[in-house]
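Asker: Pasted the sequence and its predicted model underneath.
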Amino acid sequence: MLGQKNAFNLGKVDTAVVIMVDGLGAENLAANSSSARFLSSISQADQVFSGFPSTTVVSLGSFATGVDSSKHGLFGYRIFDRSTHESINLLSGVDKYSVLDYLLCESISETSDVDVHAITLAEYESSGMTRATMNKAEHHFAATITERFEIAAALCGQPNRLIYLYVPELDQAAHRFGVNSNQWRELLSELDVAVAGFAQCLGERVGVLVTADHGIIDISQDRHVYLDLISELEGKVLDVGGDPRVAYVYLQPNANQQQIVTAIDDYCSGRVETFRPDELVELGLWQAELLELSDLLPDLIVIAIADVAIYHRNFARTTSLKMVGQHGALSDVEIKVPLIRLGAY
């Protein structure tokens, strides 16, 4: 697959490396350029759309398969399966086989004619997401960002390889402390040093892309919107999934959908917009084939358009309610991610 025609006009190389930085939006990087002088100095950097929702499951599913979520089927962080009456966390909350039940196509690791290597944390070795998206890759594990780049540098010595290096630390820090915290900026500086050092040791036939799955926006707790305070929803909700910036509302069969849309819109007073799945298809955010997943799709999708996070406390995890950094919606901060070209790219 290396050297085939592609959307980014990447030239033919012997080895391709993708550095996936979880939570590093293009605007997050621009706002913190002093903490990432090397990454911010790359003149050939582009910006690309993360996918909708702007969340890890969707973006990593698309990266791993080469198609959007309407085709790969992993269309949200947390979904509800009406056929089993179960809430499914597609990223971390299922056993190592379950995500495969929801993935609709093979991953590049299974179909590629090159050797695929994945470098990540050991704790993800048996995760459902890893099994689904990197099923046939050769896996390498390291606890620190620096160690992962050292592994990548060693792997670049052989041709005909696609190397995937995952950096989850910035996203983790953003959720806990916020993207405007010293903790997040320190990790960005650590990443910047690691990428700069890696770039210096690349061979002539190694191409590198640095990108992300989504950006991050900080939301204070006084900006939370609680759907459980809307009286019209009482007794009408099966589950609320998705992300705090794009809530998936699953309704009881007897619920009056239009009344609930009106109630949500009235309560939220312009801070959100509420859509049916078919309306997102009309807007081009989803494709029509996703509508076939009727047992999995929410009845309503509540998207934050102001700086708010959306919760239904009957269904939200306590830890989620404490998060500072958020993502999932359609703001430029969340959906624009960098595409930085290094080496032969």
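Answerer: Received, thanks. Residues are numbered from 1 along each chain as shown.
Asker: Would you agree Ser83 is in contact with Asp295?
Answerer: Yes. Assessed by C-beta atoms under 8 Å, Ser83 is found in contact with Asp295 at 4.6 Å. For glycine as for every other residue, the C-beta is placed from the backbone atoms N, C-alpha and C.
Asker: When these two are compared, which one has more neighbours?
Answerer: Between Ser83 and Asp295, counted using other C-beta atoms under 10 Å, the more crowded position is Asp295 (11 against 8).
Asker: how far is the worst-scoring helix or strand of the chain on mean pLDDT from where the chain is centred?
Answerer: Ranked by mean pLDDT, DSSP states H and E, the weakest helix or strand in the chain is helix 128-133, scoring a mean of 83. Centroid separation for helix 128-133 versus its chain: 14 Å, with C-alpha atoms, centre = their mean, to the nearest Å.
Asker: Kindly report the same for stretch 335-345.
Answerer: That offset, for stretch 335-345, works out to 17 Å (C-alpha atoms, centre = their mean).
Asker: same question, stretch 57-77
Answerer: 9 Å.
Asker: got the end-to-end distance for that stretch?
Answerer: 6 Å (C-alpha to C-alpha, to the nearest Å).
Asker: So for it, what gets flagged as buried?
Answerer: Of the residues in stretch 57-77, 57-66, 68-77 count as buried by neighbour count, 16 or more other C-beta atoms under 10 Å.
Asker: and what of stretch 210-230?
Answerer: Result for stretch 210-230 [16+ other C-beta under 10 Å]: buried residues 210-219, 225, 227, 230.
Asker: Format those as JSON lines; extra columns: distance to Ser189.
Answerer: As requested, those are exported to JSON lines (distance: C-beta to C-beta, whole Å):
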{"residue": "Val210", "distance to Ser189": "15"}
{"residue": "Thr211", "distance to Ser189": "19"}
{"residue": "Ala212", "distance to Ser189": "16"}
{"residue": "Asp213", "distance to Ser189": "20"}
{"residue": "His214", "distance to Ser189": "21"}
{"residue": "Gly215", "distance to Ser189": "18"}
{"residue": "Ile216", "distance to Ser189": "16"}
{"residue": "Ile217", "distance to Ser189": "21"}
{"residue": "Asp218", "distance to Ser189": "19"}
{"residue": "Ile219", "distance to Ser189": "24"}
{"residue": "Val225", "distance to Ser189": "34"}
{"residue": "Leu227", "distance to Ser189": "38"}
{"residue": "Ile230", "distance to Ser189": "43"}
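Asker: for these, which one is nearest Leu90?
Answerer: Asp213 (13.5 Å; C-beta to C-beta).
Asker: ranges for the strands of the stretch 151-300 of the chain?
Answerer: Along the stretch 151-300 of the chain, counting by DSSP state E, counting those that start in this stretch, strands occupy 161-167, 206-212, 217-218, 224-226, 237-243, 246-251, 272-275, 300-304.
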